[in-house]
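Asker: this is a predicted model, with the sequence first.
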Amino acid sequence: MSNTITLPQTLIKRLEKISTGSRRTPQAIIKQAIADRLDYEEWLLERVDEGIADADAGRTYSREIMLKKLSIGNGRKKAA
(Lines give C-alpha, C1' and ligand atoms only; values in the text may rest on other atoms or scores of the structure.)
Protein backbone atom coordinates (compact mmCIF):
# COMPACT_ATOMS: atom_id res chain seq x y z
CA MET A 1 0.00 0.00 0.00
CA SER A 2 1.33 3.39 -0.93
CA ASN A 3 -0.07 6.66 0.36
CA THR A 4 0.87 10.26 -0.18
CA ILE A 5 1.10 12.91 2.49
CA THR A 6 1.84 16.60 2.18
CA LEU A 7 4.47 18.03 4.49
CA PRO A 8 5.27 21.67 5.12
CA GLN A 9 8.47 22.85 3.47
CA THR A 10 10.08 23.42 6.87
CA LEU A 11 9.65 19.72 7.75
CA ILE A 12 10.95 18.64 4.34
CA LYS A 13 14.11 20.70 4.83
CA ARG A 14 14.63 19.23 8.31
CA LEU A 15 14.05 15.73 6.95
CA GLU A 16 16.55 16.26 4.15
CA LYS A 17 19.16 17.52 6.61
CA ILE A 18 18.71 14.53 8.91
CA SER A 19 18.67 12.15 5.98
CA THR A 20 21.96 13.46 4.65
CA GLY A 21 23.62 13.43 8.06
CA SER A 22 22.42 9.97 9.00
CA ARG A 23 22.74 8.25 5.62
CA ARG A 24 19.18 7.01 5.99
CA THR A 25 16.53 7.61 3.37
CA PRO A 26 13.80 10.12 4.10
CA GLN A 27 11.29 7.27 3.76
CA ALA A 28 13.09 5.20 6.41
CA ILE A 29 13.16 8.16 8.79
CA ILE A 30 9.46 8.87 8.26
CA LYS A 31 8.51 5.20 8.74
CA GLN A 32 10.50 5.03 11.98
CA ALA A 33 9.05 8.31 13.25
CA ILE A 34 5.50 7.15 12.58
CA ALA A 35 6.11 3.74 14.16
CA ASP A 36 7.63 5.36 17.25
CA ARG A 37 4.72 7.77 17.60
CA LEU A 38 2.16 5.00 17.16
CA ASP A 39 3.94 2.92 19.82
CA TYR A 40 3.74 5.87 22.19
CA GLU A 41 0.08 6.61 21.44
CA GLU A 42 -0.87 2.95 21.98
CA TRP A 43 1.07 2.87 25.26
CA LEU A 44 -0.62 6.09 26.40
CA LEU A 45 -4.11 4.85 25.56
CA GLU A 46 -3.45 1.64 27.51
CA ARG A 47 -2.35 3.66 30.56
CA VAL A 48 -5.44 5.89 30.30
CA ASP A 49 -7.72 2.83 30.05
CA GLU A 50 -5.99 1.32 33.11
CA GLY A 51 -6.50 4.56 35.02
CA ILE A 52 -10.16 4.70 34.11
CA ALA A 53 -10.60 1.06 35.16
CA ASP A 54 -8.91 1.82 38.50
CA ALA A 55 -11.17 4.83 39.06
CA ASP A 56 -14.27 2.83 38.12
CA ALA A 57 -13.22 0.10 40.58
CA GLY A 58 -12.72 2.64 43.34
CA ARG A 59 -8.93 2.28 43.42
CA THR A 60 -8.22 5.94 44.03
CA TYR A 61 -6.43 8.16 46.54
CA SER A 62 -7.78 11.19 48.35
CA ARG A 63 -6.29 14.59 47.61
CA GLU A 64 -4.53 14.60 50.97
CA ILE A 65 -2.89 11.21 50.41
CA MET A 66 -1.75 12.22 46.92
CA LEU A 67 -0.22 15.44 48.22
CA LYS A 68 1.68 13.46 50.85
CA LYS A 69 2.86 10.95 48.24
CA LEU A 70 4.01 13.73 45.93
CA SER A 71 5.88 15.62 48.62
CA ILE A 72 7.95 12.62 49.74
CA GLY A 73 11.42 12.65 48.27
CA ASN A 74 10.96 15.78 46.19
CA GLY A 75 14.25 17.15 47.46
CA ARG A 76 12.77 20.19 49.12
CA LYS A 77 13.63 21.04 52.66
CA LYS A 78 11.15 22.78 54.90
CA ALA A 79 12.10 26.28 55.97
CA ALA A 80 13.42 26.50 59.54
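Answerer: Here it is on my side, so go on.

Asker: in this protein, which helix has the most residues?
Answerer: As far as residue count goes, and with DSSP state H defining each element, the longest helix of the chain is helix 26-56.

Asker: go through stretch 19-38 and flag the buried ones.
Answerer: Within stretch 19-38, the residues scored as buried using 16 or more other Cβ atoms under 10 Å are 19, 29-30. For the C-beta atoms, the positions are set from N, CA and C on the backbone; glycine is no exception.

Asker: any weak-confidence spans in the chain?
Answerer: 1, 73-80 (pLDDT under 70).

Asker: center of it, which residue is that?
Answerer: Ranked by distance to the mean C-alpha position of the chain (Cα atoms, centre = their mean), the top residue is Y40 at 5.2 Å.

Asker: contacting residues around the helix or strand following the longest helix of the chain?
Answerer: Remark: after helix 26-56, the chain's next helix or strand is helix 63-71, criterion DSSP states H and E. Contacts with helix 63-71, where a contact means Cβ atoms under 8 Å, 6 or more residues apart in numbering, come from Y61.

Asker: good, wrapping up.
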